[in-house]
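S.K.: I would like to see how this sequence folds:
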Amino acid sequence: MPSANSSFSHKGRREEQKACSRLNLVFPCSNQRNVSAEETTMATIAFIGLGNMGGPMAANLVKAGHKVVAFDLVEASRNQAKADGASIADSAPAAVKGADVVVTMLPAGKHVLGVWNEVVPAMTKGTLIIDSSTIDVESARAAHALAAKHGVLSVDAPVSGGTGGAKGATLTFMCGGEEKAFAAAKPVLENMGKKIVHCGGAGAGQAAKICNNMILGISMIAVSEAFALGEKLGLSHQALFDVASTSSGQCWSLTTYCPVPGPVPTSPANNDYKPGFASALMVKDLTLAQDAAKAAGAATPLGKHAQEIYQSFDAAGQGGVDFSGIIKHVRSLAGKA
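M.R.: Numbering: from 1, shown residues only. A predicted model of the protein is given here:
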């Protein structure tokens, strides 16, 4: 947003004020009048990146009553989004034309910066762009700087919850950006998730995500090692689960995403390890964590070892298997110790 002494033209200010007025209908500030649910459906949201996560997220925005204009390079993804009720644009810049909010969900930092360099200059000043990709902190901060240069509000908002959370609108969003941008983004994110956390300034959402997933990768290996050991010692899976799930070994990787079939019926172990969160994506996140640790001068020896274990699993052709399938790799190490 320009300061009072900026050199923007009166026309530019009027355009920005119009954009802010549109945002206020969708994202009312605390000092504004109450806005009805009917009014909050007025947002036009551009959604770029319609893969396993982005597609269901865009569909939930449609279900919430927003007008969604979507784009993806993959035809099948575009077709699914259309079937879910979104309008399909011919390109990313075309998708953002007239949008109040833009959401991107892309594979890596280079893709995010490539798309943002295309679309941010085409956005109206004062509107909002949210990136829910999981990328490196440096790229996230560069994206924020680009948005600020063009007078666009921005939030990095990576997610946790996997494809199940994306479909069920139960994701956790870890958000980085200015307070004003977060306040604008939160009502939109609430259409796609249950927990929306403001972690700090630019890039803080990505920092929180990679720290969280480093914990997740380490803990899943630990739980898998415990079950593999229990098997060798004659413990049943259920017995170990019943003890550890109510004792000091309790953690999400055990109680929600148990890597053996039986104790948690909804875990991928009961479905031949079909991914909610693929092992290749865990490699990506653990690598982001190691890159960040190196840049920050932090020591993360368990994070490094977890990265190496998942890289070995991926190299064995298991990258498409759910990350809880790492227990198969752990078992295979028994004869190599």
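S.K.: for the nearest residue to residue 80 once chain neighbours are set aside, what are its contacts?
M.R.: Nearest residue to residue 80, sequence neighbours excluded (C-beta to C-beta, 6 or more residues apart in numbering): residue 55, at 5.6 Å. In short, each C-beta sits where N, CA and C put it, glycine included. By C-beta atoms under 8 Å, 6 or more residues apart in numbering, residue 55 lies in contact with 77, 80, 81, 84, 166.
S.K.: and these as CSV, adding distance to residue 335?
M.R.: Below are these laid out as CSV (distance: C-beta to C-beta, whole Å):
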residue, distance to residue 335
77, 43
80, 44
81, 48
84, 48
166, 39
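S.K.: re the thing from before, report the secondary structure element holding the residue nearest to residue 80.
M.R.: Under the criterion of DSSP states H and E, residue 55 resides in helix 54-63.
S.K.: buried residues, that helix. List them.
M.R.: Of the residues in helix 54-63, those buried under the neighbour-count criterion (16 or more other C-beta atoms under 10 Å) are 54, 55, 56, 57, 58, 59, 60, 61, 62.
S.K.: show the buried residues in the contacts of residue 55.
M.R.: With neighbours counted using 16+ other C-beta under 10 Å, those contain these buried positions: 77, 80, 81, 84, 166.
S.K.: host element of the last one?
M.R.: Using DSSP H and E, residue 166 falls within helix 162-168.
S.K.: buried residues in that helix?
M.R.: Neighbour-count burial for helix 162-168, with 16+ other C-beta under 10 Å as criterion, is recorded at 162, 163, 165, 166, 167.
S.K.: for residue 208, which three-state class applies?
M.R.: Recorded secondary structure, residue 208: helix (DSSP: H, G, I helix; E, B strand; the rest coil).
S.K.: before we move on, what about residue 155?
M.R.: Counting by three-state DSSP, the backbone at residue 155 sits in strand.
S.K.: need the pLDDT of it.
M.R.: Confidence per residue is given as pLDDT, and for residue 155 that number is 98.
S.K.: heads up, I number from 95, so please use that
M.R.: Will do, 95 is the new start, and the previous item becomes residue 249.
S.K.: check contacts around it.
M.R.: Taking C-beta under 8 Å, 6+ apart as the definition, contacts of residue 249 comprise 222, 223, 224, 225, 269, 270, 271, 275, 276, 278, 279, 299.
S.K.: wait, the second one touches residue 217, no?
M.R.: When you say that, I think you mean residue 223. Yes. Between residue 223 and residue 217 a contact is recorded at 6.7 Å, counting by C-beta atoms under 8 Å.
S.K.: mind checking which of these two has more residues around it?
M.R.: Using other C-beta atoms under 10 Å, the more surrounded residue of residue 223 and residue 217 is residue 223, with 30 against 26.
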